[in-house]
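*Asks:* I would like to see how this sequence folds:
(chains A and B)
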Protein chains: 2
Amino acid sequence: MPDETDGGAPGRRPARRPGGRTARVRARILTAAAELVARDGVSGFRYEEVAERAGVHKTSVYRNWPDRERLVADALLRYAEDLASVADTGDVHRDLVDFLVAMAGGLETPFGRALEQAVQPAGGNPAVRQAVAGILDRRVAALQRRIDAAADRGELPPVDGSFLGEMLSGPVHLIVNRGTRPFTRADADRIVGVVLAGVRATAAPA
Amino acid sequence: MPDETDGGAPGRRPARRPGGRTARVRARILTAAAELVARDGVSGFRYEEVAERAGVHKTSVYRNWPDRERLVADALLRYAEDLASVADTGDVHRDLVDFLVAMAGGLETPFGRALEQAVQPAGGNPAVRQAVAGILDRRVAALQRRIDAAADRGELPPVDGSFLGEMLSGPVHLIVNRGTRPFTRADADRIVGVVLAGVRATAAPA
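*Replies:* Next up, the predicted model:
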């Protein structure tokens, strides 16, 4: 088991800056917690296991996160940081297809499944639900910005980005969560095609 | 606790047909099992509790369903029997809006939540997953028939009913499962409007 005072990879001797070490210990704890959430779900993990996996003493975990739900919430947020980006190549159809393919890939990971479970109304600690809601909000906000940019350029009519996000990501969640068939790029292409055509058709005067 | 030999409501004295009594006992067991699945999830219930709630001896439950997963699967199927109907008033938009509103209502019940949990790839006994898949298949088939009827009458272009079902029900599941806002008839109307317009626009020659 790695020594808690050694924050770096084996063979590296990091400088002894207290702030840096604390930050590294915290990062290792969050990574370990996220991995355990992915493996066992939000309600499954124990502090002992987090400490063991992170290579730190259990007291380090307790000291940094006296509140278990706060640890789960912080781990989810850290892990999901990069899930909320939508590229802007100037081709909104293509960018949305890429976004849906990436989203499906994220949902199919154990961590994505844990996230899905955490957001169900049934399974709910408030702090964890709030963290997950925060992740989703950022994703919707990224989508909204991309859609607004497309509307500004006349690629799309002005549209409610939150609604468009539900229209696009709903079928992706359904297909991935059912697990009866793989989600493909062709699925993403078809979903984006129908939704954008529908948005354009319903926005235009009849 | 009701007597196992009295299959009817209190005060009624049913005829003593052995087949009829067996059917009634089985029905009570399935209802009790479905209620417990709704309350505790697929993996939560115990035979003792099913028997107590059904007002039968535990041996009756074991005799009728030696296999626990088969009992869960049969309970899900019985409870969900009436979830798979789509009206045909001749107005496909309206019928689909009604269908989505009913679907959202079903998903919001404890039983609907248990069904959603059961269908996640993570939580999986094969018999239960097969039962849930059967329920969903019947729902998709009902939707497909309604869409085919609309296509026959020229209300819609010919379309893949399974794909259309995912496009329509995906956003409903997403909104209900997030639980951050209530699903309304206006949501259903907007979803059906965009999807049908999109299907018509993408099927027509550009």
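*Asks:* can you tell me which residues contact the one residue sitting closest to the centre of chain A?
*Replies:* Centre of chain A computed as the mean C-alpha position; nearest residue by CA atoms, centre = their mean is A:A80, 3.2 Å away. With CB atoms under 8 Å, 6 or more residues apart in numbering or on different chains as the criterion, the residues that contact A:A80 are A:F111, A:L115, A:I135. Using the backbone N, CA and C atoms, a C-beta is placed for each residue, glycine as well.
*Asks:* Which members of those additionally contact chain B?
*Replies:* Among the contacts of A:A80, proximity to chain B is found for none (CB under 8 Å from any CB of the partner chain).
*Asks:* Top of the residues you listed by number of neighbours, please.
*Replies:* Among the contacts of A:A80, A:L115 has the most neighbours (other CB atoms under 10 Å in any protein chain shown), with 24 neighbours.
*Asks:* what does the domain assignment say about chain A?
*Replies:* Following automatic domain parsing, one gets these domains for chain A: A:18-67, A:80-203.
*Asks:* neighbours around A:T180, how many?
*Replies:* Counted with other CB under 10 Å, the burial measure for A:T180 works out to 12 neighbours.
*Asks:* Return the residues in contact with it.
*Replies:* With CB under 8 Å, 6+ apart as the criterion, the residues that contact A:T180 are B:A133.
*Asks:* got CSV for the domains of chain A, with mean pLDDT too?
*Replies:* As requested, these are exported to CSV (pLDDT from 0 to 100):
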stretch, mean pLDDT
domain A:18-67, 87
domain A:80-203, 84
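*Asks:* would CSV of those with distance to B:D67 be doable?
*Replies:* CSV is the format used below for these (distance: least, CB to CB, whole Å):
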stretch, distance to B:D67
domain A:18-67, 26
domain A:80-203, 23
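*Asks:* list the buried ones in stretch A:139-148?
*Replies:* Residues A:R139, A:V140, A:A142, A:L143, A:Q144, A:R146, A:I147 are the ones in stretch A:139-148 that count as buried (16 or more other CB atoms under 10 Å in any protein chain shown).
*Asks:* Revised request: answer the last question for stretch A:45-61.
*Replies:* Those buried within stretch A:45-61 under the rule 16+ other CB under 10 Å are A:F45, A:Y47, A:E49, A:V50, A:A51, A:R53, A:A54, A:G55, A:V56, A:S60, A:V61.
*Asks:* and it, how far from the chain's centre?
*Replies:* Once both centres are worked out by CA atoms, centre = their mean, to the nearest Å, stretch A:45-61 turns out to sit 23 Å from its chain's centre.
*Asks:* now stretch A:107-116
*Replies:* Its chain's average C-alpha position is 9 Å from that of stretch A:107-116, according to CA atoms, centre = their mean.
*Asks:* List the contacts of it.
*Replies:* Here stretch A:107-116 makes contact (CB under 8 Å, 6+ apart) with A:34, A:37-39, A:41-42, A:76, A:79-80, A:106, A:132, A:135, A:172-173, A:176-177, A:183, B:120-122.
*Asks:* And the residues you listed, which of them are buried?
*Replies:* By 16+ other CB under 10 Å, the contacts of stretch A:107-116 give A:34, A:37-38, A:41-42, A:76, A:79-80, A:106, A:132, A:135, A:172-173, A:176-177, A:183, B:120 as buried.
*Asks:* Show me what the host helix or strand of A:A141 is packed against.
*Replies:* A:A141 is part of helix A:126-152 when elements are defined by DSSP states H and E. Contact here means 3 or more CB pairs under 8 Å, 6 or more residues apart in numbering or on different chains; DSSP states H and E; on that basis helix A:126-152 packs against helix A:68-79, helix A:92-107, helix A:110-119, helix A:161-178.
*Asks:* Run the chain-centre distance for the third one.
*Replies:* Helix A:110-119 has its C-alpha centroid displaced from the chain centroid by 9 Å (CA atoms, centre = their mean).
*Asks:* how about stretch A:30-50 as CSV, C-alpha atoms only?
*Replies:* C-alpha atoms of stretch A:30-50 as CSV (Å, rounded to 0.1, in the frame of the first residue of the first chain):
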residue,chain,number,x,y,z
LEU,A,30,-12.0,11.6,-4.6
THR,A,31,-10.8,9.3,-7.4
ALA,A,32,-11.1,6.3,-5.1
ALA,A,33,-14.5,7.3,-4.0
ALA,A,34,-15.6,7.8,-7.6
GLU,A,35,-14.3,4.4,-8.6
LEU,A,36,-16.2,2.8,-5.7
VAL,A,37,-19.4,4.6,-6.5
ALA,A,38,-19.0,3.3,-10.1
ARG,A,39,-18.5,-0.2,-8.8
ASP,A,40,-21.0,-0.4,-5.9
GLY,A,41,-23.4,2.5,-6.5
VAL,A,42,-23.9,5.6,-4.3
SER,A,43,-25.1,3.8,-1.2
GLY,A,44,-22.5,1.0,-1.4
PHE,A,45,-19.1,2.3,-0.4
ARG,A,46,-17.4,2.4,3.0
TYR,A,47,-14.7,4.8,4.3
GLU,A,48,-12.3,1.9,4.9
GLU,A,49,-12.4,0.9,1.3
VAL,A,50,-12.0,4.5,0.1
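*Asks:* Alright, that wraps it up for me.
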